[in-house]
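K.L.:
I'd like to go over a predicted model; first the sequence, then the structure.
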Amino acid sequence: MIKSVYYALVPLIVLLGAIFLACLAGYLIVLGIGDQFPFGKIIKKAAQLFLVLSIFPAMVYFKFKKSDIGFAGKAVFFKQLLQGFGLGFVTLMPVVIVLYGLGVNVIDESQVWTASVLAKKMALSLLLALIISWIEEPLFRGILLTGLKRKISVIAAILISAIYYAMLHFIDSDTSITYQELTLASGFRLLGEAFANLLNPDILSALWALVMVGIFLGILRTEFKTSLGLCIGCHTSWVWQIKMSKSLFNTNFSSEYLYLVNRYYDGLIGPLVTGWLGLAIVGYLVYRRINKPTFINL
């Protein structure tokens, strides 16, 4: 039990280390370039960079090969990307349709869309979604999940990695610090506020929805061999749809069904996503129990 708690806390130590370095690096960067970019944003991007860089020493420490963290050969990997993208589309598009049908999300009539503008927006959103997925999936469903799975049960590993994945989306601060107010302690002040944001009740339904997203992707990763491509594809599809939804729709805050989304997040993530993905997971587990499938090479 004590060992399980220890292994569960190791990712938190790594996260804190990355943010600590980001606070120091952010301070030095602002001193060097001035106030061209918000201090908080610099820290956030630096922390993400340090987390991504932590993949490489982790691979050396655990003696992981690419296949160990889920990467298949090139041909299979790109096939998985497309399969995962399709899975992401069929699992989130019903949510988009339901929210539009219930009037929770309404078309933003202030936007003027032409075919070329829409195509550019879709392409740019897809590129950004792919970048986000390429950063998050090797970290959470690759290194973190694989490392935890070697030390604790698969179920616990999936749940813990999902919680860390969800938490990372809400470790943030809205406080703006000007160049004149900047001190070495400024970043650590933002760090305290960012972690305190996890206790904000307004984000709770979105946090649980992202935990469910992490569980879904964790099951996808552990049920199929070298399946990180599936996770990246699925994640890319979800982020792409969310970005396009935010561009095309506004949240109708007077809707009687507003409780289906978290009004403080992105207009899609919320209780409906939690319930829908939870239903999908239960359906798959029932199917798996009946058919008792073994690992599948895709």
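P.N.:
Structure received. This is a predicted model, so every value here is computed, not measured.

K.L.:
Can you name every helix or strand that the helix or strand bottoming out on mean pLDDT in the chain contacts?
P.N.:
Between all helices and strands in the chain, the lowest mean by mean pLDDT, DSSP states H and E belongs to helix 2-33, at a mean of 82. Applying 3 or more C-beta pairs under 8 Å, 6 or more residues apart in numbering; DSSP states H and E, one finds that helix 2-33 contacts helix 39-53, helix 145-151, helix 154-168, helix 186-196. To be clear about C-beta, it is placed using only N, CA and C from the backbone, and glycine gets the same treatment.

K.L.:
Please tabulate those in CSV, including the columns mean pLDDT and distance to residue 266.
P.N.:
Output for the helices and strands packed on helix 2-33, formatted as CSV (pLDDT from 0 to 100; distance: least, C-beta to C-beta, whole Å):
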stretch, mean pLDDT, distance to residue 266
helix 39-53, 86, 17
helix 145-151, 90, 24
helix 154-168, 93, 14
helix 186-196, 86, 19
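
K.L.:
got those as JSON lines, with mean neighbour count and distance to residue 131 columns?
P.N.:
Output for the helices and strands packed on helix 2-33, formatted as JSON lines (neighbours: other C-beta atoms under 10 Å; distance: least, C-beta to C-beta, whole Å):
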{"stretch": "helix 39-53", "mean neighbour count": "19", "distance to residue 131": "11"}
{"stretch": "helix 145-151", "mean neighbour count": "20", "distance to residue 131": "20"}
{"stretch": "helix 154-168", "mean neighbour count": "20", "distance to residue 131": "16"}
{"stretch": "helix 186-196", "mean neighbour count": "17", "distance to residue 131": "22"}
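
K.L.:
Against residue 83, how distant is residue 255?
P.N.:
To residue 83, residue 255 is 35 Å away according to C-beta to C-beta, to the nearest Å.

K.L.:
Over to residue 8?
P.N.:
From residue 8 to residue 83 the distance is 31 Å (C-beta to C-beta).

K.L.:
same check, this time on residue 291
P.N.:
According to C-beta to C-beta, residue 291 stands 19 Å off from residue 83.

K.L.:
Compare neighbour counts for the two and give me the winner.
P.N.:
For residue 291 versus residue 83, the count of surrounding residues by other C-beta atoms under 10 Å is larger for residue 83: 16 against 7.

K.L.:
helix, strand or coil for residue 106?
P.N.:
Judged by DSSP: H, G, I helix; E, B strand; the rest coil, the three-state class of residue 106 is strand.

K.L.:
Could you number the chain from 58 rather than 1 from now on?
P.N.:
With the count now opening at 58, the last piece we talked about shows up as residue 163.

K.L.:
Could you give the bridge partners of it?
P.N.:
Using DSSP bridges, the bridge partners assigned to residue 163 are residue 307.

K.L.:
How many residues are close by it?
P.N.:
With other C-beta under 10 Å as criterion, residue 163 counts 14.

K.L.:
Quick check, it in contact with residue 307.
P.N.:
Yes: look at residue 163 against residue 307 with C-beta atoms under 8 Å: they come within range, at 5.7 Å.
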